[in-house]
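# what follows is a predicted protein model with its sequence.
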Amino acid sequence: MNLEGQLPALQIVVPLVIAPLVVLLRDAGLAWAAACVTSVMCLAVAVLQASGVLGGEVASYQMGGWPAPFGIELRVDAFSALILLVITGASTLSLLGGRASLAADIADSRQPLFYAAWLIALAGLSGIAVTGDAFNVFVFMEISSLATYILIAAGPDRRALTAVFKYLIMGTIGATFYLIGVGLVYMMTGTLNFADMEARIAEVSDQRPILVAAGFITIGLALKAAVFPLHVWLPNAYTHAPNIVTAFVAACSTKVALYVLLRFDFFVFQGNLEDHLIQFAGFMIPLALLGIVVGSAVAVVETDLKRMLAYSSVAQIGYILLGASFASVTGLMASITHMFNHALAKGALFLAVAAIGMRLSHLTLDGISGIARVMPWTMAGLAVAGASLVGIPGTAGFVSKWLLLQAAMEHGAIGFAAAAVVVLSSLAAVVYIWRIIERAWFGTPEAAESVVGVQEAPWPLLAVLWIAAAANIYFGLVPAVPLDLAASSADELLRHLP
């Protein structure tokens, strides 16, 4: 088999193999370098696979040579290729720029273990994106979750322990619900392969266990994705984790859960369960709108930067879910494109927060008062990422929000109401992003922590921040790659509707 045919397996195997070797490295710098090289390799593999998908190829790898559905298939299509770009890109930029920040948060003796856990989380998240087997989604979900718990709790903030405990409980409940649903589907179909599962569900005479399974799977994955009102684990986890860990997790963790949710609800269930589309939209549209409203409202009044951006993520998850709930080509394109664009914007914002956190001890609005006078490049990068989050024309965020508004306009009165909520939420984003910019650029340093002696962020972190900020502009002006992948993904998902 040629190398191209093995790329889906390499996406998982490379970080899994390197992770235990990193533990053996006693030097913190070597452990970091090994993790960076591994993450860059994974990003390169993801780029190669995305290029193949854009060229009309769908990569498939049969584990052990056993063909699906008897064996485990690894499969990379347009949707999984886009998610892999998000995962590996977030990991690579966070690692390359985060050395100094992580060194300040984590003792040298513990850093090899930390970087090993990072690579395991990377492997688990990538495994979810490439596997074509429902049970292996659960396996990789647990691998990534357990490693992520370690990453969040690794910093000096003791409050991270309670945040991780809440995350663990909620994540375990979500995974259990998902596994119960998969078990019910397997009981009725005798298969775990997604494609085979879709074909066999149509042959099941008693659909009630399948309906119950759809409920369990949807709720379990909604917990993992922090869909409102199942988002209670997210604000504390983002707030108390090491700053670089937050940049990585916020960019990709919830996107992967939403990816699996859409895979199941459109690929497996929609074409087989009567009125499932109506039920999905009926439940998800109200939750999406409530998430947008509540997340935006809380972000407006928050004063802690990380908690503010965490609640902003709750609103952005609402955007993604809203677009998918319209179940149209435009809606799914908006949803999938926003997964990519939100990862760019929120990842860059948390990288900027990490840069500020290296110089100041209090990441609050009062604490950053006047900081732009001594960290102008950091705050300029934050402003660019904030503009993308708001949806200013010329940024990546505008592209997906414009698509979302177009999708909403196709659905009559409900769509107009949803569009109004999206516009109001964007105005709320203007408010809380402007609060940060106004305090940083025009605030008086004497009113808070002194900025005397504070320097600009270390150049590696500043460089990756501006790479992420520039990507928000580039993909706003030249959005062909994410739009093409999103369009192909939407066509594939909608192909299974009756």
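Nice, I can see it.

# tell me which stretches of the stretch 151-300 of the chain form helices.
159-189, 194-201, 208-224, 234-240, 243-262, 276-301 (DSSP state H, counting those that start in this stretch).

# so where do the strands sit in the stretch 1-150 of the chain?
59-62, 73-76 (DSSP state E, counting those that start in this stretch).

# identify the residues contacting the last one?
With contact meaning Cβ atoms under 8 Å, 6 or more residues apart in numbering, strand 73-76 is reached by 7-9, 11-12, 49, 52-53, 58-63, 67, 84, 129-133, 193. All C-beta atoms are positioned from the backbone trio N, CA, C, and that covers glycine.

# nearest to Thr148, of the strands of the stretch 1-150 of the chain?
strand 73-76 (21.9 Å; Cβ to Cβ).

# please save the CA atoms from the closest one in CSV.
The C-alpha trace of strand 73-76 is given here as CSV (Å, rounded to 0.1, in the frame of the first residue of the first chain):
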residue,chain,number,x,y,z
GLU,A,73,-12.4,1.4,8.6
LEU,A,74,-10.6,4.7,8.8
ARG,A,75,-12.2,7.2,6.4
VAL,A,76,-11.4,10.8,5.6
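
# now it: mean pLDDT?
Mean pLDDT, computed over strand 73-76, is 85.

# again with stretch 393-401
91.

# cool, and stretch 236-246?
Rounded mean pLDDT across stretch 236-246 is 90.

# now do that stretch: distance to the chain's middle.
14 Å (Cα atoms, centre = their mean, to the nearest Å).

# which other residues reach that stretch?
94-95, 97-98, 101-102, 105-106, 151-152, 154-155, 157, 159-160, 162-164, 166-167, 249-250, 304, 306-307, 309-310, 313, 350-351, 353-354, 357.

# and stretch 407-417, by the same measure?
Taking Cβ under 8 Å, 6+ apart as the rule, stretch 407-417 contacts 285, 289, 322-323, 326, 328, 330-331, 333-334, 418-419, 422.

# same thing but at 6 Å, please
323, 326, 328, 330-331, 334, 418-419 (Cβ atoms under 6 Å, 6 or more residues apart in numbering).

# again with stretch 168-188
With Cβ under 6 Å, 6+ apart as the criterion, stretch 168-188 contacts 134, 138, 141, 145, 149, 192, 204, 209, 212-213, 216-217, 219-220, 223-224, 233.

# in ChimeraX, how would I select just the buried ones from the residues you listed?
To isolate the buried members of those in ChimeraX, using 16 or more other Cβ atoms under 10 Å:
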select :134,138,141,145,149,192,209,213,216,217,219,220,223,224,233
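
# do you know how far Ala153 is from Val249?
According to Cβ to Cβ, to the nearest Å, Ala153 stands 12 Å off from Val249.

# make that Leu122, sorry
Leu122 is 11 Å from Val249, by Cβ to Cβ.

# between these two, who's got more neighbours?
Leu122 (31 against 23; other Cβ atoms under 10 Å).

# which residue ranges of the stretch 1-150 of the chain form helices?
7-24, 28-54, 78-97, 99-105, 111-130, 134-153.

# Serialize the ones you listed to CSV and add fields for distance to Ala429.
Listed next are these as CSV, based on distance: least, Cβ to Cβ, whole Å:
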stretch, distance to Ala429
helix 7-24, 34
helix 28-54, 29
helix 78-97, 20
helix 99-105, 26
helix 111-130, 27
helix 134-153, 25
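
# Ala486 is nearest to which of these?
helix 78-97 (6.8 Å).

# which outside residues touch that closest one?
35-36, 39-40, 42-43, 46, 49-50, 53, 122, 125-126, 129-130, 244, 247-248, 251-252, 255, 259, 340, 343, 347, 460-461, 464, 468, 485, 488-489.

# give me the below-cutoff pLDDT ranges for the stretch 1-150 of the chain.
By pLDDT under 70, the low-scoring segments of the stretch 1-150 of the chain are 1-5.

# list the contacts of the residue nearest to Ala247 when sequence neighbours are not counted.
Excluding its sequence neighbours, the residue lying closest to Ala247 (Cβ to Cβ, 6 or more residues apart in numbering) is Phe350, at 3.8 Å. By Cβ under 6 Å, 6+ apart, Phe350 lies in contact with 246-247, 250.

# swap in 8 Å and give it another go.
Contacts of Phe350 by Cβ under 8 Å, 6+ apart are 243, 246-247, 250-251, 306, 309.

# which of the contacts of stretch 236-246 count as buried?
For the contacts of stretch 236-246, buried by 16+ other Cβ under 10 Å: 94-95, 97-98, 101-102, 105-106, 151-152, 154-155, 160, 163-164, 167, 249-250, 306-307, 309-310, 313, 350-351, 353-354, 357.

# any quick PyMOL command for the buried ones out of the contacts of helix 78-97?
Buried residues among these (16+ other Cβ under 10 Å), as a PyMOL selection:
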select buried, resi 35+36+39+42+43+46+49+50+53+122+125+126+129+130+244+247+248+251+252+255+259+340+343+347+461+464+468+485+488+489
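
# what's around Glu203, how many residues?
Neighbour tally, Glu203, other Cβ under 10 Å: 9.

# quick one: pLDDT of it?
Taking Glu203 on its own, its pLDDT is 76.

# repeat for Ala324
The model's pLDDT for Ala324 equals 87.

# contacting residues around the residue most central in space within the chain?
Ranked by distance to the mean C-alpha position of the chain (Cα atoms, centre = their mean), the top residue is Cys252 at 2.3 Å. Contact analysis of Cys252 by Cβ under 8 Å, 6+ apart lists 83, 86-87, 90-91, 125, 343.

# neighbours of Phe267, just the number please.
18.
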